[in-house]
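Trainee: one predicted model, sequence on top.
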Amino acid sequence: MKRNKITVVGAGNVGATAAHWCVAKELGDVVLLDVIEGVPQGKGLDLMQSNPLDGTDCWVKGTNNYEDTADSDVCIVTAGIARKPGMSRDDLLNTNYKIVSMVAENLARYSPNTCIIVVSNPLDVMTYTAWKASGFPANRVFGQAGVLDSARFRTFVAMELGASFEDVNALVLGGHGDTMVSVLSHANVGCIPITKLIPAERLAEIVKRTANGGAEIVNFLKTGSAFYAPSASAVQMAEAVLKDKKRILPVAAYLNGEYGAKDIYTGVPAIIGGNGVEKVLEIDLTPEEKAGLDYSIQAVRDLMKVVGLGS
């Protein structure tokens with residue numbers, strides 16, 4: 001039985017750390033690709049030399065050549081410029097649109113049966129971009145958004161209550177940006193509704209902090225953006241595909257009528273397995289949550305128009 005093959009495009013902090021998570025979990029052999037000569041080769045070799053120390057057996061190949069990615073089972077796309085202080089995800093649009101288009105075309109050429117997981121920002125538009133450029137069925141292209149945003153929300157709730165992180169269950173839906181929607185009506189801690197544990201005013205502050213979670217880290221780092229949690233989120237999605245786990249995860253999935261939207265990618269709960277997005281799940285939302293999701297979807301659609309995407 002052959003090992004899984006995972007390609008990570010972009011050897012910056014997010015990509016290299018994603019490769020690290022993949023090796024640590026022994027999900028398969030990893031190809032780390034970047035346009036800068038020497039960077040993926042050096043990081044790949046360094047990572048492979050950790051195998052004897054961690055008791056893992058994954059090969060890691062750093063490369064600048066898409067031919068080395070051939071026959072990948074999953075491809076994680078982190079390529080693109082990162083945010084700087086004062087820069088929104090939307091500011092990245094035009095530059096990353098060109099980069100992600102080129103990346104998706106090359107991945108599809110060499111791995112026609114792969115699933116593509118997009119991490120590049122602005123996330124929802126870049127996922128749609130990768131879908132169009134690859135020519136793949138929509139279920140095999142999806143984006144990492146809600147997994148990360150939900151993890152941030154769950155972290156802040158656990159911190160607030162002094163509770164275990166794993167006992168906090170919550171979904172954050174919509175576009176990966178300031179318009180994201182924390183679904184309080186379905187959030188709980190150890191099966192106890194979150195609204196019974198945290199006052200409304202404090203919950204509103206946590207929701208706001210979640211929406212600004214990436215910017216908060218950018219402001220701390222000054223010269224970079226978040227990479228540990230984003231890469232861990234993408235690898236959780238990749239693991240669900242590689243192991244056909246049928247996980248219910250909030251991801252940027254293609255909508256074809258669900259939640260009243262068509263021809264758009266945005267964050268919704270979905271079953272993730274060997275075929276990628278196997279089913280988008282529609283859940284009941286409060287009128288306020290539904291209005292927030294509609295607003296978020298429209299914000300994504302407005303961004304898509306900037307680069308001529310969508311109907």
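Mentor: Right, received. Where do you want to start? All of these numbers come straight from a predicted model, not from anything done at the bench.

Trainee: switch to C-alpha atoms for all contacts and neighbour counts from now on
Mentor: Noted.

Trainee: where does the stretch 51-200 of the chain dip in pLDDT?
Mentor: Screening the stretch 51-200 of the chain residue by residue with the criterion pLDDT under 70, one finds the ranges 82-90.

Trainee: which residues in it form helices?
Mentor: 51-54, 93-110, 123-134, 146-161, 200-211 (DSSP state H, counting those that start in this stretch).

Trainee: mind saving the C-alpha coords of the following helix or strand past the last one as CSV?
Mentor: Going back to what we said before, that points to helix 200-211. Past helix 200-211, further along toward the C-terminus, the next helix or strand under DSSP states H and E is helix 213-221. Output in CSV follows, covering the C-alpha atoms of helix 213-221 (Å, rounded to 0.1, in the frame of the first residue of the first chain):
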residue,chain,number,x,y,z
GLY,A,213,-8.5,37.4,15.3
GLY,A,214,-6.1,37.5,12.4
ALA,A,215,-5.6,41.3,12.6
GLU,A,216,-4.8,41.0,16.3
ILE,A,217,-1.9,38.6,15.6
VAL,A,218,-0.7,40.8,12.7
ASN,A,219,-0.5,43.8,15.0
PHE,A,220,1.5,41.8,17.5
LEU,A,221,3.9,40.3,15.0
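
Trainee: which of the helices of the stretch 51-200 of the chain sits most buried?
Mentor: Of all the helices of the stretch 51-200 of the chain, helix 123-134 has the most neighbours on average by mean count of other C-alpha atoms under 10 Å, namely a mean of 27.

Trainee: hmm, who's touching that one?
Mentor: 96-97, 100-105, 107-108, 116-118, 120, 137-138, 141-145, 175-176, 252, 254, 264-267, 300, 303-304, 309 (C-alpha atoms under 8 Å, 6 or more residues apart in numbering).

Trainee: how about the helices of the stretch 51-200 of the chain, which one is nearest Lys222?
Mentor: Lys222 sits nearest to helix 200-211 of all the helices of the stretch 51-200 of the chain, at 18.3 Å, using C-alpha to C-alpha.

Trainee: fine, thanks again, bye for now.
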